[in-house]
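[1] got a predicted structure plus its sequence, pasted below:
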Amino acid sequence: MKQISFSQAEFQRKKRRTRREVFLAEMEQTMPWEELFAVVEPHYPKGKRGRLPIGLERMLRVYFVQQWNGLSDEGVEDAITDSQALRAFVGIDLSREAAPDATTVLQFRRLLEQHDLTKKLLDAVNAGLSAAGLMMREGTIADATIIAAPPSVKNEANARDPDMHQTKKGNQWYFGMNAHIGADAESGLVHTVVGTAANEADVTQTERLLHGEEKDAFLDAGYVGADKRKELKDRDINWQIAMKRGKVKAVSEESSFGQWLRRLESLKASIRSKVEHPFHIVKNLFHYKKVRYKGLDKNTAQLHTLFALANLMIAKRGLLALNSQVAS
């Protein structure tokens, strides 16, 4: 056991726990650490040549801190140095060692991208949630959101990111990418993530968002015609696709059919609303409203991690309850 420093002792004796400490303590309990380590460990440097690498567990914790707080590589280094709560979660004592520098964080991130490990991290999280009975997989809700990208051309290439594209939604133009997700209809937990340029129509990604075991699919009006597409028309799925707004408005509200139709559309919308929760967590709580990297591959890799962490937040209460039962 390492002897704690005076600053750590003072921190532990304070009278109030911050919200950050509470959050990190809950994440400590809900994370399937062993399964996540097993995904990355085969690809992590063993230190047979050159200097010894920082421990895998510490780097994975630093990476998650970076995603939770929407930080750059330099920003997460500064945040860990500044915050005792983050240092305690990562396992760093500044009196003995420094926080991993930005270059080390960058190399770890590239390792995950190179071997497509972030998708495997999402699969590992979902496997644990399914085993705990928190993900049913009998129905899928598909939806997409636009993630903005910098439109400026004031850079070395004098050009915008070629992987991104502009699109019009309503009367507003956007430049960036689309984050498409397929979520469990019962729990709202995300099982599939796909990244495309913003001008890719939602309906073209429908097949990629289905895991193949669902009996029902709940889709908004952007997916009209999905059931008739060549790759999906033979699927034995109960398609619940929202009607175009213009068609609903065309039916008289005073007729009994019009009233029934609006109630049906309202019921469909109430089921689809679950897919907005992971979007809210990623964009508002994890501060991912604008892409951080250049290229679809890097940003899609980050999206897999973000939605894996969002799943753990959504299922947090159930996982904590299961952990307390095991402990008792």
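    Happy to help now that I have it.
[2] beyond the longest strand along the chain, next helix or strand please.
    In the chain, assigned by DSSP state E, the strand with the most residues is strand 172-184. Where DSSP states H and E defines the elements, the next helix or strand beyond strand 172-184 is strand 190-197.
[3] what strands flank that following strand, and is each parallel or antiparallel?
    Sheet pairing of strand 190-197 (DSSP bridges) gives strand 172-184 (antiparallel).
[4] buried residues in the strand it pairs with?
    174-184 (16 or more other CB atoms under 10 Å). Every residue, glycine included, has its C-beta placed from N, CA and C.
[5] next: stretch 44-63.
    44, 54, 56, 58-63.
[6] lowest-confidence entry in those?
    Of all those, residue 54 has the smallest pLDDT value, namely 88.
[7] hang on, that residue in a strand?
    No. Residue 54 is assigned coil when assessed by DSSP: H, G, I helix; E, B strand; the rest coil, not a strand.
[8] now do it against residue 136, distance only.
    Using CB to CB, to the nearest Å, one gets 39 Å for the distance from residue 54 to residue 136.
[9] over to residue 274?
    12 Å.
[10] for the two, indicate the residue with more neighbours.
    residue 274 (19 against 14; other CB atoms under 10 Å).
[11] what residues are up against the more buried one?
    Residues counted as contacts of residue 274 (CB atoms under 8 Å, 6 or more residues apart in numbering) are 141, 183, 185, 187-188.
[12] max pairwise distance over the residues you listed: which two?
    The distance between the two most remote of these (CB to CB) is 10.4 Å, for 141 and 187.
[13] partner residues bridging the nearest residue to residue 276 once chain neighbours are set aside?
    Once flanking residues are discounted, residue 276 sits nearest to residue 143: 7.7 Å by CB to CB, 6 or more residues apart in numbering. Residues in a beta bridge with residue 143, per DSSP bridges, are residue 181.
[14] I'd say residue 143 and residue 272 touch.
    Yes. Using CB atoms under 8 Å, residue 143 is in contact with residue 272, at 7.0 Å.
[15] out of these two, which sits in the busier spot?
    Neighbours per residue (other CB under 10 Å) separate residue 143 from residue 272, with residue 143 holding more: 23 against 19.
[16] distance check, the more buried one against residue 135.
    Residue 143 sits 17 Å away from residue 135, going by CB to CB.
[17] do residue 172 as well
    35 Å.
[18] residue 259 belongs to a strand, doesn't it?
    No. If the criterion is three-state DSSP, then residue 259 is helix and not within a strand.
[19] wait, isn't it in contact with residue 251?
    No. Judged on CB under 8 Å, residue 259 makes no contact with residue 251 at a distance of 9.3 Å.
[20] quick one on the thing from earlier: which residues do residue 274 and residue 136 both contact?
    If you check residue 274 and residue 136 against CB under 8 Å, 6+ apart, the residues they both contact are 185, 187.
[21] quick one: residues contacting residue 151.
    By CB under 8 Å, 6+ apart, the neighbours of residue 151 are 160, 175.
[22] do you know the pLDDT at residue 285?
    On the pLDDT scale, residue 285 is placed at 95.
[23] how near is it to residue 306?
    10 Å.
[24] who has more neighbours out of these two?
    The neighbour comparison of residue 285 against residue 306 (other CB under 10 Å) goes to residue 306, with 24 against 15.
[25] show me where the stretch 51-200 of the chain has its strands.
    With DSSP state E, counting those that start in this stretch, the ranges of strands along the stretch 51-200 of the chain come out as 139-148, 165-169, 172-184, 190-197.
[26] between the ones you listed, which one is closest to residue 324.
    Between the strands of the stretch 51-200 of the chain, strand 172-184 lies closest to residue 324; by CB to CB that is 23.6 Å.
[27] residue 102: neighbour count?
    Residue 102 has 15 nearby residues by other CB under 10 Å.
[28] so what touches the helix or strand encompassing residue 36?
    Counting by DSSP H and E, the element that carries residue 36 is helix 33-40. For helix 33-40, contacts defined as CB under 8 Å, 6+ apart pick out 56-57, 60, 111-112, 117, 120-121, 124-125, 127-128.
[29] list the buried residues in that helix.
    36, 39-40.
[30] what does stretch 231-251 give?
    232, 235, 237, 240-243, 248.
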